[in-house]
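Requesting a structural model of the entry that follows:
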Amino acid sequence: MALVATPSVLLPGTGSDGKQMVALVALFAGALTFAEYKTTYPGLIEFRDAPPFNRVRFLILFFTVFLLTIIAKSAISPTSLTLLVNAVGLLIGNALDFPYSPVRLATLMMANGASEAQVIAVRTAAGMAYLTSLIGLSFFVVLLKMKGWPSRTDVFNVWVNLPTFDPTAGGDVVARLERDARINIAFGFLLPFLIPAVVKIGSAGFEPLTLTTPQTLIWTMTAWSFLPASLFMRGIAMGKIAAMIREKRRLSGLVDQSGYIPA
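This is a model prediction of the structure:
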C-alpha cells in the first residue's frame, strides 16, 4: 500500500480524484497480498514461502519508485535531497546513453516532437531505474550464494512456491525447470530492448507516448526496468530449484553419478 501511494504522497498537485483512485488501488493491492500470504493453498504470488525472493523483489520495486519520485519532485519543489538524486540520475543516464543501449532505446519511445527537457527527464529516469534494478539483481545473487537458497535442510513445496508450474504435465521436472529458467533469463535480457520497439510500433497511427506527467513517467520507467529484473530473478531461482532437486535425487540414489541406472 505504501509503495502504490508513494508518488501521490510525495508529489504535490495530485487532485482529489487521483488520490481516491490511488487509495483504491493501494487498498486492493494490500488486500490481495494479505490474502495471498495468509491462505494455505497457492494463489498468484510465487515463492511466497521461500524468502528472501519476494522481499528483494519488493525492495527493488520500492526503491525504483521512490528514487524516480524524488527525481520528479526536483522539478516541482527542489530541495537538497531531490537535486542530489536528480544529479546522480542525470549522470547515470548520460553514462548509459550510448548507441543501442536500453537507456537510448527508452528515449526513442517518446514522440518525435518531444522537447529536450522531456528527453532529459526520460533519460535520467531510465538510467536511475536501470541501475537500481541491476544493483538489486546483484544483491539477490550474492544473497542466494550466502544463504544457500533454497535451504537443503528445510522443506521446499514446489506446488505452493510455483503455483503456475505443473510438475505432472509431462517430462522430467528438472529438465522443464532448467528450460523455463533459461527462457526467463533470455526474456529478462531482451525485454529492455523489446519494450521500446513494441511501444514505438504500437504507437503507429495513435498518439505517441509523451511521458509528460510525472506519475506516467515514474510507473512507465518502473515497469520497463522491473519486469526484466523480475524475470532474471525468476530464472535464477528456478535454476537453483532444479539443482536442488537433482541433488536430492543423487543423495537418495535415484541418480548415481557413478553410472548406476535404476531398474
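
Domain-wise, how is the chain divided?
As recorded under automatic domain parsing, the domains making up the chain are 1-39, 51-246.

my guess is Leu44 contacts Glu36, does it?
Yes - contact criterion C-beta atoms under 8 Å: Leu44 and Glu36 qualify, at 6.3 Å. All C-beta spots, glycine's among them, are computed from the backbone N, C-alpha and C.

re earlier: so which of the domains of the chain comes closest to Gly253?
domain 51-246 (13.2 Å; C-beta to C-beta).

so which of the domains of the chain is the most packed in?
Greatest average neighbour count among the domains of the chain goes to domain 51-246 (a mean of 17), per mean count of other C-beta atoms under 10 Å.

So what would you say the end-to-end distance of that domain is?
21 Å (C-alpha to C-alpha, to the nearest Å).

How about stretch 85-104?
End-to-end for stretch 85-104, by C-alpha to C-alpha: 20 Å.

ok, residues contacting that stretch?
With contact meaning C-beta atoms under 8 Å, 6 or more residues apart in numbering, stretch 85-104 is reached by 67, 70-71, 74-75, 107, 120, 123-128, 130-131, 192-193, 196.

can you point me to the longest helix in the protein?
Longest helix of the chain, by residue count under DSSP state H: helix 214-252.

So which elements touch it?
When contacts are defined as 3 or more C-beta pairs under 8 Å, 6 or more residues apart in numbering; DSSP states H and E, helix 214-252 sits against helix 2-10, helix 53-74, helix 116-147, helix 173-202.

same for the second one, what does it pack against?
This means helix 53-74. helix 2-10, helix 80-96, helix 116-147, helix 214-252.

tilt between it and helix 80-96?
On the basis of axes from the mean of the first three to the mean of the last three C-alpha atoms, to 10 degrees, helix 53-74 is oriented at 110 degrees to helix 80-96.

Can I get helix 53-74 in CSV, CA atoms only?
Extracted C-alpha coordinates of helix 53-74, given in CSV (Å, rounded to 0.1, in the frame of the first residue of the first chain):
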residue,chain,number,x,y,z
PHE,A,53,12.9,-13.8,-3.1
ASN,A,54,9.8,-11.7,-2.8
ARG,A,55,11.5,-9.4,-0.2
VAL,A,56,14.3,-8.5,-2.6
ARG,A,57,11.9,-8.1,-5.5
PHE,A,58,9.7,-5.7,-3.4
LEU,A,59,12.8,-3.7,-2.3
ILE,A,60,13.8,-3.3,-6.0
LEU,A,61,10.3,-2.1,-6.9
PHE,A,62,10.0,0.2,-3.9
PHE,A,63,13.4,1.9,-4.3
THR,A,64,12.8,2.3,-8.1
VAL,A,65,9.5,4.1,-7.5
PHE,A,66,10.9,6.1,-4.6
LEU,A,67,14.0,7.4,-6.4
LEU,A,68,12.0,8.2,-9.6
THR,A,69,9.5,10.1,-7.4
ILE,A,70,12.4,12.1,-5.8
ILE,A,71,13.7,12.9,-9.3
ALA,A,72,10.3,14.0,-10.5
LYS,A,73,9.9,16.2,-7.3
SER,A,74,13.1,18.0,-8.0
